[in-house]
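Trainee: model this:
(one chain, ligands or ions: 4)
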Amino acid sequence: MLILLLLLGSWAGWFYYQWLQQPRPASEVIAAAAERQEFIPFLQPLFDARSGRLMGAEVLLRWQHPRDGLLSPFAFIEAVEKSGQMGRITRQLMQDVTTALAPQAARLPDGFHLAFNLDAGQLDDPCLLDDCRRLMAAFPADKLVLTLELTEREAFGSDGHFEVFSALQAQGIQLAIDDFGTGQSSLAYLHQLAIDTLKIDRAFVDAIGRDSLGKVVLDAIIALGKQLNLKLVAEGVETEAQRDYLVAAGVDFLQGYLLARPMPLAGFIAQLPE
Ligand code: C2E
Ligand code: CA
Ligand code: CA
Ligand code: CA
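Mentor: Ligands and ions are numbered 1, 2, ... in the order given. Alright, predicted model coming up:
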């Protein structure tokens, strides 16, 4: 009897070991990481181009991986999108930023632009509007301009999205097109969807000082933004020559390593004026 039990035990143990060795599906790994709160926000400051003053921040997702360290979204964002858990992770980011930043609201300039990245699928998330409302309600009125950044790489602009956009805008939430110029720009939707901001992709900022097609596109985007009365944000500003050019061209906000790198919440708060 004892021998039988021992045999049964080691057999079960072997199967359990084999099961543990199996590679887990990505969606399970991501859900477990979200559960352990390994997805954290980094904030990259945004500056007013002319005055050089801090005017906002973009929230950028990081994975604080227990073994591999701090991971950039490039390494995992596709897996997260496929896993269908982007909404849950964005909600966590919004909560973390709110908890840390709302008590410091007095140290932020009025009209502080706080930007989150969304993928188009999240526009269909029925919780999005409430998540945004909750975030804004935690700050004094007129303190925050909440901006949602959407890339053109995904198709959006369906009738359903049109309604979501109006509902968001009715709450005073602004919409920005991210990486503008790199996707299949339908200029019609800029107008139709009442977009507030164009974010000029780093590739075009990088073209400054070079005799390239990129530079032609950059100038065209700036001209377009001004014609349509949109706010212009340049991302990936790395050199003084780039900054000077963008300021002279009348871009509104600057973001890039020259001015400030993405940083953890605590670091962002530490550099705010007292
Ligand atoms: P993005 O929205 O275009 O964000 C700008 C990226 O450029 C960030 O990379 C930022 O760290 C980087 N960057 C900023 N300034 C400079 C610079 O001067 N030079 C260079 N070389 N890079 C600069 P990051 O944080 O690795 O994010 C990569 C992309 O992942 C983002 O591109 C965005 O599309 C996506 N992403 C980030 N966070 C989220 C999120 O919460 N949700 C979703 N859906 N996507 C996110
Ligand atoms: Ca962005
Ligand atoms: Ca961008
Ligand atoms: Ca970009």
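Trainee: near ligand 2, which residues of this protein?
Mentor: 117, 149, 178 (CB under 5 Å from the ion). For glycine as for every other residue, the C-beta is placed from the backbone atoms N, C-alpha and C.
Trainee: can you pull out the helices in the stretch 51-200 of the chain?
Mentor: Counting by DSSP state H, counting those that start in this stretch, the stretch 51-200 of the chain has helices at residues 77-83, 86-101, 128-137, 159-170, 187-192.
Trainee: Which of the residues of the chain next to ligand 2 are buried, as a PyMOL select command?
Mentor: The PyMOL command for the buried members of the residues of the chain next to ligand 2 (criterion: 16 or more other CB atoms under 10 Å) is given here:
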select buried, resi 117+149+178
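Trainee: pLDDT check: weakest of the residues of the chain next to ligand 2?
Mentor: The lowest pLDDT within the residues of the chain next to ligand 2 belongs to Asp178, with 92.
Trainee: got the contact list for it?
Mentor: 117, 149-152, 199, 201 (CB atoms under 8 Å, 6 or more residues apart in numbering).
Trainee: try it again with 6 Å
Mentor: For Asp178, the contacting residues are 149, 151, 199, by CB atoms under 6 Å, 6 or more residues apart in numbering.
Trainee: what pairs with it across the strands?
Mentor: Residues in a beta bridge with Asp178, per DSSP bridges, are Thr151.
Trainee: Can you tell me how far it is from ligand 4?
Mentor: 7 Å (CB to the ion, to the nearest Å).
Trainee: With Gly160 instead?
Mentor: From Gly160 to ligand 4 the distance is 26 Å (CB to the ion).
Trainee: Quick check: nearest residue in space to that residue, chain neighbours excluded?
Mentor: Asp124 (6.8 Å; CB to CB, 6 or more residues apart in numbering).
Trainee: Check what pLDDT that neighbour gets.
Mentor: Reported pLDDT for Asp124: 86.
Trainee: burial of it, as a residue count?
Mentor: For Asp124, the count of nearby residues is 13 (other CB atoms under 10 Å).
Trainee: so Gly214 sits right up against Val205, yeah?
Mentor: No: judged on CB atoms under 6 Å, Gly214 makes no contact with Val205 at a distance of 8.9 Å.
Trainee: The two - which one has more neighbours?
Mentor: Each of Gly214 and Val205 has its neighbours counted (other CB under 10 Å); Val205 has more, 25 against 17.
Trainee: so the more buried one touches Ala234, yeah?
Mentor: Yes: using CB under 6 Å, Val205 is in contact with Ala234, at 5.3 Å.
Trainee: any idea of the mean pLDDT in stretch 30-45?
Mentor: For stretch 30-45, mean pLDDT rounds to 97.
Trainee: Could you look up the SS state of Tyr16?
Mentor: Of the three states, Tyr16 takes helix under DSSP: H, G, I helix; E, B strand; the rest coil.
Trainee: How many residues are close by it?
Mentor: Tyr16 has 10 neighbouring residues, counting by other CB under 10 Å.
Trainee: and the gap between it and Leu148?
Mentor: Distance of Tyr16 to Leu148, given as CB to CB, to the nearest Å: 45 Å.
Trainee: again, but for Gln37
Mentor: 23 Å.
Trainee: swap in Glu28?
Mentor: 29 Å.
Trainee: Phe39 now?
Mentor: Taken as CB to CB, the span from Phe39 to Leu148 is 18 Å.
Trainee: Then Phe112?
Mentor: Following CB to CB, the distance that separates Phe112 from Leu148 is 15 Å.
Trainee: Gly181 now?
Mentor: Distance from Gly181 to Leu148, by CB to CB: 19 Å.
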